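[1] my questions concern the predicted model and sequence given below.
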Amino acid sequence: MKAIAGMLAGLALIAAGCGSSSSSGSSSTGTSTPATTSPVSTTATVSTAKVAGLGTVLVNSKGHTLYMFAPDKKQRVTCVGSCAALWPPLKLAGAMPTAGGQAKSSLLGSDPDPSGGRYAGWPLYTYVPDSKAGEAAGQAVNANGGLWYVLSPSGTIVHTKP
């Protein structure tokens, strides 16, 4: 829990720094917006990286592995509440995500609920126990009512167990 609290505090600091440089016609009222409603723009890039035992998979801008959740069925986000605390959705900064590495921009999209990113129709999530780039501890995990898998750059589900 301390690790999660530390990560959330770090994200809040990043979000606070990112939010102060933009002036899109809004005036400052001296109040701040909570970090939970102001997604960090650095997570909007979907890229690729090689992960041991899985090959080339999708990652966020920090190199953290991205997952799809089978119960979403490419239709809607079903991981919310306590599920999303462990499997946070890829957050966007109000714009379409950008592709890097072997990720295909034609497969990228956004999801208004919860302002997340999609790839090949699947909502994308990270996994809190993946504390550094190259980890994929959530691969083939059966949790929160379904299975979690990584995606290849072509958008194919990788079913391999690490």
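    Now that the structure is in, tell me what you want to look at.

[2] where do the strands sit along this structure?
    45-51, 55-59, 67-69, 98-99, 108-111, 116-119, 122-123, 141-143, 146-151, 157-158 (DSSP state E).

[3] take the ones you listed and write them to JSON lines, including distance to Leu86 and mean pLDDT.
    Glycine gets a C-beta too; all of them are placed from N, C-alpha and C. As requested, these are exported to JSON lines (distance: least, CB to CB, whole Å; pLDDT from 0 to 100):
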{"stretch": "strand 45-51", "distance to Leu86": "19", "mean pLDDT": "95"}
{"stretch": "strand 55-59", "distance to Leu86": "18", "mean pLDDT": "97"}
{"stretch": "strand 67-69", "distance to Leu86": "11", "mean pLDDT": "97"}
{"stretch": "strand 98-99", "distance to Leu86": "26", "mean pLDDT": "90"}
{"stretch": "strand 108-111", "distance to Leu86": "19", "mean pLDDT": "84"}
{"stretch": "strand 116-119", "distance to Leu86": "15", "mean pLDDT": "88"}
{"stretch": "strand 122-123", "distance to Leu86": "15", "mean pLDDT": "94"}
{"stretch": "strand 141-143", "distance to Leu86": "8", "mean pLDDT": "97"}
{"stretch": "strand 146-151", "distance to Leu86": "10", "mean pLDDT": "98"}
{"stretch": "strand 157-158", "distance to Leu86": "20", "mean pLDDT": "98"}
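
[4] can you pull out the low-pLDDT segments for this protein?
    Residue ranges of the chain with pLDDT under 70: 1-43, 93-96, 113-114.

[5] if we use 50, what do you get?
    1-43 (pLDDT under 50).

[6] and stretch 133-147, what's buried?
    Glu135, Ala136, Gly138, Gln139, Val141, Asn144, Gly146, Leu147 (16 or more other CB atoms under 10 Å).
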